[in-house]
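> Take a look and give me a structure for this.
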Amino acid sequence: MSEFIAYRDLKAKTEYKSISADTTLTASESGKSILLDGIGEDITLPGVKAGLNYKFICTVTAVTTDWTITAATAVIQGSAEVAGAVVAAADESLITLVVAKFLPGDWVELESDGTNWYVKAEIVTAAGLTFTAP
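Residues are numbered from 1 along each chain as shown. Model prediction:
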């Protein structure tokens with residue numbers, strides 16, 4: 001039992017950052033869960049670097065504009081599950097989290113290997129997330 005407690009206590013705690021304005025993320029914010037408000041902001045990712053990672057969580061349904069997550073170049077790869085369907089990302093530069101369709105509890109994770117950003121996401125509503133290539 002004491003081994004379990006020791007392991008549990010060593011587990012890293014999640015750090016959160018609330019977003020309420022357009023934001024450019026930094027490498028020092030890597031590992032944080034980004035809490036998105038109901039306004040919809042433009043979020044710019046830092047350049048790719050091995051080990052950088054972020055999780056974006058919807059806390060309130062956006063009522064004004066989409067949230068966007070932008071990479072400097074077309075290096076977003078992976079997929080999202082959107083209303084049970086897989087939406088592929090291949091050489092994308094923009095993720096749009098759609099107003100009134102990206103709902104509380106929906107999330108997007110991005111992780112870099114130094115060459116690409118790899119995305120995975122869970123979105124409940126159809127058309128709640130789109131990928132765009134340049």
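> wait, doesn't Glu122 sit right on Asp106?
Yes: assessed by CB atoms under 8 Å, Glu122 is found in contact with Asp106 at 6.4 Å. The way it works is simple: take the backbone N, C-alpha and C, and place the C-beta from them, glycine included.
> the more surrounded of these two?
Between Glu122 and Asp106, counted using other CB atoms under 10 Å, Asp106 has the larger neighbour count: 23 against 14.
> so how far is Asp37 from the more buried one?
In this view, Asp106 and Asp37 are 14 Å apart by CB to CB, to the nearest Å.
> do Ser20 as well
For Ser20, the distance to Asp37 equals 5 Å [CB to CB].
> Comparing these two, which residue is more hemmed in?
A direct count of neighbours by other CB under 10 Å for Ser20 and Asp37 places Asp37 higher, at 15 against 11.
> which residues does that one contact?
Neighbouring residues of Asp37 by CB atoms under 8 Å, 6 or more residues apart in numbering: 18-20, 59-60, 62.
> And Glu29, by the same measure?
Taking CB under 8 Å, 6+ apart, one finds 17, 54 in contact with Glu29.
> Quick check: beta-bridge partners of Ser112?
Counting by DSSP bridges, Ser112 is bridged to Trp117.
> How many neighbouring residues does it have?
The local packing of Ser112 (other CB under 10 Å) involves 22 other residues.
> Ok, the one 3 residues further on next?
Thr115 has 11 neighbouring residues, counting by other CB under 10 Å.
> which of the contacts of Asp37 count as buried?
Neighbour-count burial (16 or more other CB atoms under 10 Å) is assigned, among those, to 19, 62.
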